[in-house]
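**Student:** please work out how this folds:
(4 chains)
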Number of protein chains: 4
Amino acid sequence: MPESVEIGLGRSARRGYHFDDIALVPTRRTRGASIVSTAWQIDAHTFDLPMVAAPSDAVVSPATASEIERLGGLAVLDGEGLWARYEDADDALAQLDTDTATLQHSYSRPVSPDLLRRRVKELRASGVRVAVRLSPQHTADLAPHVLAEGIDLLVIQGTVISAEHVASEGTPRADGGRDIAPGLNLKRFIADLDVPVLVGGCTNYQTALHLMRTGAAGVIIGYGAHLGSTTHSMLGIDVPMATAVIDAAAARRDYLDETGGRYVHLVAYGDIATGADIAKAIACGADAVMLGQPLATAAEAPGHGRYWDATAAHPRVPRSAVIDLGGNGERPALEELLLGPTSDPTGERNLFGALRRVMGKCGYSSLKEFQKVELIVAGAR
Amino acid sequence: MPESVEIGLGRSARRGYHFDDIALVPTRRTRGASIVSTAWQIDAHTFDLPMVAAPSDAVVSPATASEIERLGGLAVLDGEGLWARYEDADDALAQLDTDTATLQHSYSRPVSPDLLRRRVKELRASGVRVAVRLSPQHTADLAPHVLAEGIDLLVIQGTVISAEHVASEGTPRADGGRDIAPGLNLKRFIADLDVPVLVGGCTNYQTALHLMRTGAAGVIIGYGAHLGSTTHSMLGIDVPMATAVIDAAAARRDYLDETGGRYVHLVAYGDIATGADIAKAIACGADAVMLGQPLATAAEAPGHGRYWDATAAHPRVPRSAVIDLGGNGERPALEELLLGPTSDPTGERNLFGALRRVMGKCGYSSLKEFQKVELIVAGAR
Amino acid sequence: MPESVEIGLGRSARRGYHFDDIALVPTRRTRGASIVSTAWQIDAHTFDLPMVAAPSDAVVSPATASEIERLGGLAVLDGEGLWARYEDADDALAQLDTDTATLQHSYSRPVSPDLLRRRVKELRASGVRVAVRLSPQHTADLAPHVLAEGIDLLVIQGTVISAEHVASEGTPRADGGRDIAPGLNLKRFIADLDVPVLVGGCTNYQTALHLMRTGAAGVIIGYGAHLGSTTHSMLGIDVPMATAVIDAAAARRDYLDETGGRYVHLVAYGDIATGADIAKAIACGADAVMLGQPLATAAEAPGHGRYWDATAAHPRVPRSAVIDLGGNGERPALEELLLGPTSDPTGERNLFGALRRVMGKCGYSSLKEFQKVELIVAGAR
Amino acid sequence: MPESVEIGLGRSARRGYHFDDIALVPTRRTRGASIVSTAWQIDAHTFDLPMVAAPSDAVVSPATASEIERLGGLAVLDGEGLWARYEDADDALAQLDTDTATLQHSYSRPVSPDLLRRRVKELRASGVRVAVRLSPQHTADLAPHVLAEGIDLLVIQGTVISAEHVASEGTPRADGGRDIAPGLNLKRFIADLDVPVLVGGCTNYQTALHLMRTGAAGVIIGYGAHLGSTTHSMLGIDVPMATAVIDAAAARRDYLDETGGRYVHLVAYGDIATGADIAKAIACGADAVMLGQPLATAAEAPGHGRYWDATAAHPRVPRSAVIDLGGNGERPALEELLLGPTSDPTGERNLFGALRRVMGKCGYSSLKEFQKVELIVAGAR
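**Tutor:** Model prediction:
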């Protein structure tokens, strides 16, 4: 049983650990970085990097999707983002600032299924592997459109998701009440699909196991906490990512056993800003990481050095701020961020060069083996 | 038994947890926010929001009481505040600044029982449910006045209260000593009343149980710690609110058993600044929250964007500072603070919209059920 | 056995608690502050306040000693301070600044036994109870002088003291070595004295017990850590005061048993800046507190708003800095600091008014009873 | 077994302690500093101070090596530093700034074996004990050169080292792959040497034991974490030094037993900025400390008040920044830093005067005894 403390009379709680609470311990013979592989394979797709670019309009555009593919990762376009709302999304992006109200306004324009189909077509034409994110609320409506155009991976993602949402928010009635509509049943939905699905975010063993049972190819752990996130102060939900990923890895083991061998990928999303964080996510059991904020500083990033995610644009309860990362400085190329080399010693660039190096220093040559590296709990420096 | 550590040879202490030390864990199917209810019923009164506006002159005036009632909460007027000391309380409020000495001076004017009665009458006339707070020291003297005018709820509240105060501070004698007067016996006092009583603040199981036995309808947990509070550095008393509320909930269970079913409400007061804090208070077992500082930024707030509570005006040992929250910015409407919508992602606005949302994400549709949500202990971000 | 953790293979360490790590929990009926007594009696001397003003030239001069006596405390003059080195100590004080080198220079002038005797005579003449501090290194030389003039209490105090110092630093020999001189044997020294002795600082059970066995009337716990202290970064010695006082209280219990009833007083010295800290020190088992920095802001303080202790003037290894506390603001009277009333809500003024109040809120009417108040461990706010 | 916590379902981690997490507890009779010895003997060499100056070009030049020898320590020249790359190293040093790119450029010039030999010859001629550091990657190539000139101690040091590196990074092939070359086998290499070897850095029991079995005279614990280090955020590797040194001391005990008496020295390297840190390192079991940053502020330091180590110049993955320590102030002489006296109370000067003093206060007269001093775990001030 995991560590638990009694926080008051008759009420216990587990203790959760952030990536910042842990560190890696090299305990074996070292290996040269050149014999280390960071390759990641999910379903029929192989990637040089275990990296999914987050479905944030600040990070993934049709143009950056190509560059991310070239560098070895997978880009996910937000199917409910500005590209599906504006003919001229570049212009819409240019008009944003760090004001939440501006963002809310821009995202208040409805998603156009036609535009969405066109974006998928453009991505397809550019030769990349096409991945699109839809929210659980709109998957039933929008998925047919993206599937019709042919995609390689569908991402169904909200901040907190469950295998079965009890009810959508329903339709207002004349009497002021609402007709409660039944929610999306992920299990039934995914069973009917031909393309692999990533689903999330989830935060604990039980939900992870339920999401695995939907037939998803991968489960996203976390809700993408970043510098500007305020879900912890808005809702009181916080996800200590080290614990969350380890718990999901336990669910994966149990599901492997339950199914006699079906392996579901874990994609860690949240509190990842540096090479160290990526290494720790893998060390805890993730197969890949989903990166938003760390890529938003790239010169190529459509957000012009700002970062936000879908929660920032919520019309009533925004749960993150738009953050300005770029400052006035020159922004690095996506290639420097992902593959280096770099002259920046902060850990925020050459993210996967760093991963490769620490895998070697700890004596592992594949991601799967590296999930067994020894961890230590240590206070902050 | 709760977690206890030996902090020195032969001396143990429990470990207490602040709201900031814990977070909520969604572990079940999610629910749409529209099928979530935040309704709170205490005695014969029902409220849309589980919210009591704190008896601070910075927050509750006869005017804001009406607006708070309209928005679904309960406002408590401080029966020993400026409204009971000054004919023209608005003017007295306008003359305050952030200086403690100014505040002490303003509150040095004696309470006028006549004025107090007039304020109750005004509130009554405005159609709101009338709640007035008196200090334990002056309840015996002042309660008859407010009761005579007819109120809906009496709040007897000091920073730290006990069921039986051994002695009032007494009357100075000619010889320099003091005649020790016996204190207020809450049990006897409350038994004779017709109106429901909220009593507090208390900080632990034992006192909570004693206060429940006085016949109070509700017990206030905590002393309203806010940004400007210094009770912890003045007196060394600190209340880790998560633990305090959980302990009081244990007392409620035991008292339910002892009485064969009398349910006493818990109102959490202190360290609540955001929607997250409200959710955590309920999650720990509170039935409602008492809000001071979070409402003081409202455009309607009588404190002009400053906040203070009764402890700030103590003539000899002030135990909190007047804090300026408003800055120069535009202050939001009380409605935005309580019900949203908002463009502020800090968690300090749309407090109950956030509560409703997190209840849904955690899969609960009533406050009472939500008290069972899973908690996790995690380090600060 | 106290809480202990294995910090590495085969090496355990206790966990120590600072005053900041704990808080008081009111759990009983409350009492009016007027029936609370803060009286302290040690040997034949009774004081209204459990307070010893630290032997720092920044705090105790012959003039402030009178005022401290009047307000109810005991002032200790540093027998090796500027008053024993300079005819015109006021002038020497006026020439100090916050520079350690200046301080080292001022204190490099040798102590004059004649001047020291004269200071004792002056104190005696002013009618106060006379207490003088000497360092363990110079007690053998200087004590005869102060004793000859007649004092009420002798304080033998270094940062870290032991019952028997193995060797003084000795005399340099021609060959570059040193003749090791045997150190001061406190037990033999104190046995021969007629006046009560306070001895310290000590940091743990074992040393406390040894010091009690010297026949001292009181033992000082801690080395007076204050805002400018750097002993923890210079020497690596740190004293979590809550644990240190509790441990010493355990030693006192064992010594009481061993002697069939000899009660040795504990004077807590270090990490005390507020009324809360004083309350916590007593709560942990101290009979009184020694205050340096908290008194240095007084208008009457000879340090002109700056504070330093003996360690700051060490010629080779200074272990604290001179800190400027006064700023440009008006400095409060000693009376406001000790007895109030005050308009300062920080906890740094009306120190003993606050103590009296918290004793009442926790339901205790004497210091000795208050040592049993419940403690809680809680994270910082 | 060491303290371990379950950080997630089925995954445990030890808890590690930084020097900052612990403090020393004086528990015995005190001793005069004059009868305390800080002498350190390793192999045939005796030093007055248990101090190795780190092989950083910011600290050790041929000139400072002489001064360090005179003051009682051992200086290690970086055999792959600027002195082995530039004829006029002083000029190369003068052209550096705090920019990592500048540093990378300066260190991109190849090491010249001839220059390296010349530097060794110069050191030898100056009369100091000659110690040179080589990286594990280049030891095979460069060691013959330094050995040919005759050195007293060889230091083989990388950030993380293992007894057997599985493969060097190999040679690029035409097809884009690399020929994997077998790595350095330290055991075989050291067995053939006549001079004593220091090897490291290592971070845990297992590696320490393996490195001891190579026949090394001493093992370096840690990778030299300093203010500018970012290994923890670049790679996710962090070394809580107290735990690391204690673990290595356990390995030393086991190796002593295994060999029937071969004593391997432990040199602590990292998180040492003050006298306190040095004392704690010895207290945890180190025989000596390796100092980089603390010496870089010296007036004599070749880095002109800046500090960097070998990881800062890595061409692709720099893992520390160049930090400017000197400011504009006057920089202290190396002698003040190491032996005092000083007027600086921060703990950063008179490092070994402080060590001597704390050894006396804790009652120990030799370093080996001092390794048994009592430790306490305490929160930060």
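**Student:** before we move on, what SS does whatever residue of the stretch 101-250 of chain A ends up closest to chain D have?
**Tutor:** Using C-beta to the nearest C-beta, A:Ile246 is the residue of the stretch 101-250 of chain A that sits closest to chain D, at 2.5 Å. (Each C-beta comes from the backbone N, C-alpha and C, glycine too.) What DSSP: H, G, I helix; E, B strand; the rest coil gives for A:Ile246 is helix.
**Student:** run through the residues that contact it.
**Tutor:** A:284-285, D:7-11 (C-beta atoms under 8 Å, 6 or more residues apart in numbering or on different chains).
**Student:** what do you get for A:His304?
**Tutor:** By C-beta under 8 Å, 6+ apart, the contact set of A:His304 is A:93-94, A:326.
**Student:** buried ones among these?
**Tutor:** Buried subset of the contacts of A:His304 (neighbour count, 16 or more other C-beta atoms under 10 Å in any protein chain shown): A:93, A:326.
**Student:** could I get the contacts of A:His304 in JSON lines, plus columns for secondary structure?
**Tutor:** Formatted as JSON lines, the contacts of A:His304 follow (three-state DSSP):
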{"residue": "A:Leu93", "secondary structure": "helix"}
{"residue": "A:Ala94", "secondary structure": "helix"}
{"residue": "A:Gly326", "secondary structure": "coil"}
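**Student:** among the contacts of A:His304, which one lies nearest to chain B?
**Tutor:** A:Leu93 (19.0 Å).
**Student:** does that closest one touch A:Pro302 like I think?
**Tutor:** Yes: using C-beta atoms under 8 Å, A:Leu93 makes contact with A:Pro302 at a distance of 5.5 Å.
**Student:** what touches both of these two?
**Tutor:** Common neighbours of A:Leu93 and A:Pro302 (C-beta under 8 Å, 6+ apart) are A:Asp57.
**Student:** ignoring the adjacent residues along the chain, who's closest to the residue of the stretch 101-250 of chain A closest to chain D?
**Tutor:** Nearest residue to A:Ile246, sequence neighbours excluded (C-beta to C-beta, 6 or more residues apart in numbering or on different chains): D:Gly8, at 2.5 Å.
**Student:** also A:Thr311?
**Tutor:** A:Arg319 is the one closest to A:Thr311 (C-beta to C-beta, 6+ apart), at 4.1 Å.
**Student:** with A:Met51 instead?
**Tutor:** A:Gly73 (3.8 Å).
**Student:** now swap in A:Ala301 and tell me
**Tutor:** A:Val59 (5.8 Å).
**Student:** could you give the number of residues near the one you found?
**Tutor:** Neighbours of A:Val59 under the rule other C-beta atoms under 10 Å in any protein chain shown: 31.
**Student:** what sits against it?
**Tutor:** So A:Val59 contacts A:53, A:291-292, A:295-296, A:301-303, A:307 (C-beta under 8 Å, 6+ apart).
**Student:** now A:Lys187
**Tutor:** Neighbours of A:Lys187 in contact, by C-beta under 8 Å, 6+ apart: A:163-164, A:213-215.
**Student:** tell me the most packed of those residues, by neighbour count.
**Tutor:** Neighbour max across the contacts of A:Lys187 (other C-beta under 10 Å) = A:Ala163, 22 neighbours.
**Student:** element containing the nearest residue to it once chain neighbours are set aside, please.
**Tutor:** Spatial nearest neighbour of A:Ala163, excluding adjacent residues (C-beta to C-beta, 6+ apart): A:His210 at 3.9 Å. Counting by DSSP states H and E, the element that carries A:His210 is helix A:205-212.
**Student:** show me what that helix is packed against.
**Tutor:** Contacts defined by 3 or more C-beta pairs under 8 Å, 6 or more residues apart in numbering or on different chains; DSSP states H and E place helix A:205-212 against strand A:197-202, strand A:218-221, helix A:241-259.
**Student:** out of those, deepest packed?
**Tutor:** strand A:218-221 (a mean of 30; mean count of other C-beta atoms under 10 Å in any protein chain shown).
**Student:** the closest residue to A:Thr203 other than its chain neighbours: how many residues sit nearby?
**Tutor:** Nearest non-adjacent residue to A:Thr203, counting by C-beta to C-beta, 6+ apart: A:Val239, 4.7 Å away. Neighbourhood size, A:Val239 [other C-beta under 10 Å]: 31.
**Student:** phi and psi next, for A:Val239.
**Tutor:** Backbone torsions of A:Val239, given as degrees, to the nearest 10, read phi -120, psi 100.
**Student:** my read: it touches A:Ala225, true?
**Tutor:** Yes: contact criterion C-beta under 8 Å: A:Val239 and A:Ala225 qualify, at 6.6 Å.
**Student:** spit out the residues that contact these two alike.
**Tutor:** A:270-271.
**Student:** so where do the strands sit in the stretch 201-350 of chain A?
**Tutor:** Secondary structure of the stretch 201-350 of chain A, counting by DSSP state E, counting those that start in this stretch: strands at A:218-221, A:265-268, A:288-291, A:306-307, A:323-324.
**Student:** sorry, back to before: is it correct that the residue nearest to A:Ala301 falls within a helix?
**Tutor:** No: looking at A:Val59 with three-state DSSP, it is coil, so not inside a helix.
**Student:** confidence score at it?
**Tutor:** A:Val59 is assigned 98 on the pLDDT scale.
**Student:** tell me the pLDDT at A:Thr30?
**Tutor:** 85.
**Student:** so it sits against D:Ser162, correct?
**Tutor:** Yes: look at A:Thr30 against D:Ser162 with C-beta under 8 Å: they come within range, at 4.4 Å.
**Student:** quick one: which of the two has more around it?
**Tutor:** D:Ser162 (25 against 22).
**Student:** now the more buried one: how far from chain A?
**Tutor:** Note on D:Ser162: its distance to chain A, by C-beta to the nearest C-beta, to the nearest Å, is 4 Å.
**Student:** how about that residue, secondary structure?
**Tutor:** coil.
**Student:** right, and it touches A:Gly363 too?
**Tutor:** Yes: D:Ser162 is within contact range of A:Gly363, at 7.1 Å (criterion: C-beta under 8 Å).
**Student:** got any residues that touch both of those two?
**Tutor:** In contact with both D:Ser162 and A:Gly363: A:26, A:28-30, using C-beta under 8 Å, 6+ apart.
**Student:** most widely separated two among those?
**Tutor:** Spanning the widest gap among the shared contacts of D:Ser162 and A:Gly363 are A:Pro26 and A:Arg29, at 9.5 Å by C-beta to C-beta.
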